[in-house]
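Visitor: Fold the following and give me the result.
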Amino acid sequence: MLTIKTADKVLRACLTTGADFAEIFYEDTYKGSISMISGKVDQASTSHLYGAGIRILKELQEVYGYTSDCSEEGLLKLAESLRASYTDEPAAIDFTLKEENAAGKYMVINRASKDVALEEKIAYMRVVDGEMDGYDPRIVQRIVNFTDCSQYVTIANTKGKFIHDMRNQQRIGATAVARDGDKSQSNSGSVGGNFDIDGFRKKDLKGLAKEVCAACIAMLDAPEMVGGVYPVIINNGFGGVLFHEACGHSLEATSVARGLSVFTGKKGEKIASDIVTAIDDGTIPNEWGSTNIDDEGNPTQKNVLIKDGILTGYMIDDRNSRRMNMESTGSSRRQNYRFSPTSRMTNTYIANGTSTFDEIIAATEYGLFAKSMGGGSVNPVTGEFNFAVNEGYMVENGKITHPVRGATLIGNGANALLNIDMIADNQTFGHGVCGSASGQIPANVGEPTIRIQGMTVGGNGKKTDN
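Guide: As a prediction, the model looks like this:
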């Protein structure tokens, strides 16, 4: 365990060659994974990650290193190696470490997952599997996964922080595989959060199972999407992955500070439809992307990124705040101690609008309803994106008609924001794992149902004459 006395000694050693900031990120993490295939527990494993990373800054220069030797001698050895990157006289940096405990500020964790019996976790998995079993004879395989991570961190730096936090992300995922002759289809979903095991009592696990199975069967016999330019209705929850990827990453200081974002220098400008307000909020109690503090020890915040179509802010970490001459927004995150932190999303979503889901469908003469989104790719410099639709339906004369498969959404994030013309009042979240410069982190995506005009939709279907 990192003591305040050792932290003080190591941080002072980091500053002896001219650096103006030093930081220690100490971590003790336990991870678990259980998989169940068609009702049988197939695999269960645990892992333990322990170590510390040290970061030293001089103006905009950074050196970073990590070690699994968290003794005072091991940390001083790492500090000595890193400080050799600078050769100036010591800067006049004075600090006094003040110990704090952030745990419980937003996330209330009564039982760490590492202390919960395997049987208790499996019992929740069986709720999901039991609902999938017998749903339809064409479902030939059921897969249920339980993943959890109990992470204990201490962050110490030359701003005087010596702060502890505990995170307890866990998630149950379900996958259904269906087959009918030579046709096959799969579909997945998940529920989770930064909560303890009892949080699953408040989740609709049976509903998760039914949704996964229903989508899998619906897409099994669906015809191919006919490509074209249509209004596209994107469903709530995980539909927010399009905003996350196509716009959210472009609002992180990681790209904005270096001029590698389509939104660099546009604060105060109109970048979206007047009805669009977008938020990144790491303070939502026990949500998947929430934490009490960020990975630089700053309190997480509710950051309004876009307000009524106007760009009002970015997601900024301490280091990039130097580049941008703006305050940190509590947005610094990292996968673990082996990664230097940078600005990342937490729970990122488009806020509720004034329409209803039924009103949006009724107002659409002909278009695509993207009920479930899949993976995609985006260029943060240009905002150009390409996303798969896992579950799609045609909308004709104001009604949802038949399913379609193989639809792809192609476009530009900046243009898509401006072309949102209807937003419903049914905002929810979907859980994902986001990869970027500081590794893989849990991140929520979310939105109400939205409609975007004039989207290019790819598909291999053939037009037919009516």
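Visitor: so after the helix or strand hosting residue 155, what's the next helix or strand?
Guide: Assigned by DSSP states H and E, residue 155 falls within strand 139-157. Later in the chain than strand 139-157, the nearest helix or strand by DSSP H and E is strand 161-180.
Visitor: just checking, what packs against that following strand?
Guide: Here strand 161-180 is seen to pack against strand 98-101, helix 118-132, strand 139-157, strand 183-194, helix 205-220 when contacts are counted using 3 or more CB pairs under 8 Å, 6 or more residues apart in numbering; DSSP states H and E. Using the backbone N, CA and C atoms, a C-beta is placed for each residue, glycine as well.
Visitor: now for those, which one comes closest to residue 326?
Guide: For those, proximity to residue 326 was assessed by CB to CB; strand 139-157 is nearest, at 19.1 Å.
Visitor: Pairing partners for that closest one, with directions?
Guide: Using DSSP bridges, strand 139-157 pairs in its sheet with strand 21-37 (antiparallel), strand 161-180 (antiparallel).
Visitor: Mean neighbour count, distance to residue 10 and mean pLDDT for the helices and strands packed on strand 161-180 - can I get that in TSV?
Guide: Compiled in TSV, the helices and strands packed on strand 161-180 are given as follows (neighbours: other CB atoms under 10 Å; distance: least, CB to CB, whole Å; pLDDT from 0 to 100):
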stretch	mean neighbour count	distance to residue 10	mean pLDDT
strand 98-101	12	16	97
helix 118-132	17	38	98
strand 139-157	22	8	98
strand 183-194	21	29	96
helix 205-220	20	45	97
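Visitor: want to try JSON lines for the ones you listed, with distance to residue 33 as columns?
Guide: Converted to JSON lines, the helices and strands packed on strand 161-180 look like this (distance: least, CB to CB, whole Å):
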{"stretch": "strand 98-101", "distance to residue 33": "29"}
{"stretch": "helix 118-132", "distance to residue 33": "10"}
{"stretch": "strand 139-157", "distance to residue 33": "5"}
{"stretch": "strand 183-194", "distance to residue 33": "13"}
{"stretch": "helix 205-220", "distance to residue 33": "18"}
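Visitor: quick one: which of the ones you listed is nearest residue 302?
Guide: Closest among the helices and strands packed on strand 161-180, using CB to CB: strand 183-194, at 15.8 Å.
Visitor: now the angle from that closest one to strand 139-157?
Guide: 30 degrees (axes from the mean of the first three to the mean of the last three CA atoms, to 10 degrees).
Visitor: other SSEs contacting strand 183-194?
Guide: Short answer (3+ CB pairs under 8 Å, 6+ apart): strand 183-194 packs on strand 161-180, helix 205-220, strand 428-436.
Visitor: Let me have the ones you listed in CSV, extended by distance to residue 62.
Guide: Listed next are the helices and strands packed on strand 183-194 as CSV, based on distance: least, CB to CB, whole Å:
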stretch, distance to residue 62
strand 161-180, 18
helix 205-220, 42
strand 428-436, 17
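Visitor: right, and these - which one's nearest residue 342?
Guide: strand 428-436 (7.5 Å).
Visitor: residues touching residue 366, list them.
Guide: Residue 366 sits next to 230-231, 394-397 when contact means CB atoms under 8 Å, 6 or more residues apart in numbering.
Visitor: could you flag which of those residues are buried?
Guide: 230-231, 394-395 (16 or more other CB atoms under 10 Å).
Visitor: want to throw those residues into TSV with pLDDT?
Guide: Listed next are the buried ones among the contacts of residue 366 as TSV, based on pLDDT from 0 to 100:
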residue	pLDDT
230	96
231	98
394	98
395	98
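Visitor: Just give the number of residues close to the closest residue to residue 120 other than its chain neighbours.
Guide: Distances taken as CB to CB, 6 or more residues apart in numbering place residue 197 nearest to residue 120, at 6.2 Å, with adjacent residues excluded. Neighbourhood size, residue 197 [other CB atoms under 10 Å]: 22.
Visitor: From what I see, residue 197 and residue 116 are in contact.
Guide: Yes. Contact criterion CB atoms under 8 Å: residue 197 and residue 116 qualify, at 4.8 Å.
Visitor: Got the confidence number for residue 465?
Guide: If you check residue 465, the pLDDT there is 56.
Visitor: so where's this protein shaky on pLDDT?
Guide: Of all residues in the chain, those with pLDDT under 70 make up the ranges 464-466.
Visitor: Spell out which residues make up each domain of it.
Guide: Listed by automatic domain parsing, the domain ranges of the chain are 4-220, 226-460.
Visitor: how far away is residue 230 from residue 400?
Guide: Distance, residue 230 to residue 400, using CB to CB, to the nearest Å: 14 Å.
Visitor: Please apply the same query to residue 245.
Guide: Per CB to CB, residue 245 is found 25 Å from residue 400.
Visitor: Now render the strands paired with strand 139-157 as a markdown table, adding mean neighbour count and distance to residue 437.
Guide: Supplementary listing: the strands paired with strand 139-157 in a markdown table, determined by neighbours: other CB atoms under 10 Å; distance: least, CB to CB, whole Å:
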| stretch | mean neighbour count | distance to residue 437 |
| --- | --- | --- |
| strand 21-37 | 21 | 15 |
| strand 161-180 | 21 | 20 |
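Visitor: how about those, which one is nearest residue 129?
Guide: Judged by CB to CB, the one of the strands paired with strand 139-157 that comes nearest to residue 129 is strand 21-37, at 5.9 Å.
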